[in-house]
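Participant: Structure for this input, please:
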Amino acid sequence: MDVAVTLAFFAFGLLVAYDSYRLGAKWAEDGPQSGYFPFYIGVIICIASLVNFILAVRVKASDGESFVSADQLKSVLSVAIPTLLYVLVIQFLGIYAASIVSSPCSWCGWASTAGSKQYWWAAA
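Facilitator: Numbering: from 1, shown residues only. Sure, this is the predicted structure:
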């Protein structure tokens with residue numbers, strides 16, 4: 001799994017470096033061009049990905065243990081899924097309407113993770 005992630009980050013770094021170079025990653029008479037800084041960020045991402053790739057290949061295969069437990073994954077997804085939905089709703093309704101729509105949902109999620117049996121409006 002680590003190898004696949006490092007390859008994905010390397011591809012992302014290549015994409016950033018390529019597109020930044022296409023925009024202009026040189027120093028002009030009036031200073032850096034628009035792709036100067038992003039180009040070097042892409043190069044740094046590629047170098048870091050190569051280092052992680054080498055480390056992932058050198059590490060012996062794990063003894064079948066899982067990367068994440070079910071409770072840890074549930075905890076991460078309880079934040080990631082509502083955040084993703086919020087970002088998607090922003091695209092269609094705008095940030096103000098999406099915030100109004102998502103506020104009751106976030107209170108319900110907070111109350112359920114805190115172990116409270118009360119409704120979201122009781123927390124207000």
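Participant: Quick check on the residue sitting furthest away from the middle of the chain: phi, psi?
Facilitator: In the chain, counting by C-alpha atoms, centre = their mean, Glu29 sits farthest out from the average C-alpha position, at 36.1 Å. The phi and psi values for Glu29, taken as degrees, to the nearest 10, are phi -60, psi -30.
Participant: Tell me how far it lies from Leu85.
Facilitator: Separation of Glu29 from Leu85 (C-beta to C-beta, to the nearest Å): 47 Å. The C-beta positions use only the backbone N, C-alpha and C, and glycine is treated the same way.
Participant: Would you map out the domains in this structure?
Facilitator: 2-58, 70-122 (automatic domain parsing).
Participant: can you give me the strands in the protein?
Facilitator: Remark: strands assigned in the chain by DSSP state E are 27-28, 31-32.
Participant: Save those strands as TSV, and put in distance to Thr6 and mean neighbour count too.
Facilitator: Shown next, in TSV, are these (distance: least, C-beta to C-beta, whole Å; neighbours: other C-beta atoms under 10 Å):
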stretch	distance to Thr6	mean neighbour count
strand 27-28	31	10
strand 31-32	29	10
